[in-house]
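A.B. asks: Using only what follows, build the 3D model:
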Amino acid sequence: MNTATIRQHLHNYLDIADDKKIKVIYVMVEDEIKDTATVYTEELKAELDRRVDYYLSGGAMVSADEMSNRIQAIRKKHQTSARVKRSVSCAFVLKGGLSDTAFSF
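C.D. replies: Model prediction:
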């Protein structure tokens, strides 16, 4: 039986199962449910509404490809910056002769 069929059977069963069985099933997956639950604060909802209104009113948007390029550029810049920072820290420690102390700039 494939996952989609199992999922449908479970949905159907949950609609008719008695309270005791529902509680047992819930206890089995309670932690996972809590870990995956998304909480939408009023502040987040307001921000999402603002963004939708902006989009619907013809606001300038960025394509998925352009956003991907921007994110990659930021990541690359961050990785380069982190490497330079580590190099400077290591060079400072080695040049200064400090054995257990590292300084970052």
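
A.B. asks: what about Ala17, neighbour count?
C.D. replies: Per other Cβ atoms under 10 Å, the neighbour tally for Ala17 reads 14. C-beta coordinates here come from the backbone N, C-alpha and C atoms, glycine included.

A.B. asks: mind listing what it touches?
C.D. replies: Ile25 (Cβ atoms under 8 Å, 6 or more residues apart in numbering).

A.B. asks: Let me know the pLDDT of it.
C.D. replies: Ala17 carries a pLDDT score of 95 in this model.

A.B. asks: Check Ala60 too.
C.D. replies: With respect to pLDDT, Ala60 has a value of 87.

A.B. asks: Which of the three states applies to it?
C.D. replies: Each residue gets one of three states, and Ala60 gets coil by DSSP: H, G, I helix; E, B strand; the rest coil.

A.B. asks: got the contact list for it?
C.D. replies: Ala60 touches nothing, counting by Cβ under 8 Å, 6+ apart.

A.B. asks: The one 3 residues further on now?
C.D. replies: Listed by Cβ under 8 Å, 6+ apart, the contact set of Ser63 is empty.

A.B. asks: For it, give its distance to Ala73.
C.D. replies: 15 Å (Cβ to Cβ, to the nearest Å).

A.B. asks: do the same with Glu43
C.D. replies: Distance of Glu43 to Ala73, computed by Cβ to Cβ: 29 Å.
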